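Chemist: sequence-free structure coming up:
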């Protein structure tokens, strides 16, 4: 993960790159999102690679006030840094996969499946006038 200092230094370096700005993106602005091969991307400046060496050869674009860093081998979003500051989004380590699609939310973990331990079964409530009815 990048430190807040690394994010700030990257932000300061790339925000002046006018050729790397786009009005909109035809891909998700989230880590793991697939980026179309025809997307207009710029190569990260060499001084950014000195800040985060694993970004050597990576590309980027600034869209909707987000600095989007793209892995050129997989054409997947590797990190998203808010241009104005704030928390960034990047994988915690190797082996990350794309996040759930829009509106899907996180996948439940063990014991969180519907009807699993710690969750009451969902079903019809008490019948009006029957036992347990108010």
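Modeler: Nice, I can see it. Here the structure is a predicted model, which means the values were calculated and not measured.
Chemist: max-length helix in this structure?
Modeler: When secondary structure is assigned using DSSP state H, the longest helix within the chain turns out to be helix 4-14.
Chemist: Buried ones in it, by neighbour count?
Modeler: Of the residues in helix 4-14, those buried by neighbour count under the rule 16 or more other C-beta atoms under 10 Å are 6, 7, 9, 10, 11, 14. Glycine gets a C-beta too; all of them are placed from N, C-alpha and C.
Chemist: So, low pLDDT: which residues of this structure?
Modeler: Low-confidence segments of the chain (pLDDT under 70): 18, 85-134.
Chemist: which residue ranges form the strands in it?
Modeler: Using DSSP state E, the strands of the chain run over 21-22, 42-43, 59-63, 66-71, 76-82.
Chemist: among those strands, which is nearest residue 34?
Modeler: Evaluated over the strands of the chain, closeness to residue 34 peaks at strand 76-82, with 5.9 Å, by C-beta to C-beta.
Chemist: helices and strands around that closest one, which ones?
Modeler: Applying 3 or more C-beta pairs under 8 Å, 6 or more residues apart in numbering; DSSP states H and E, one finds that strand 76-82 contacts helix 4-14, strand 66-71.
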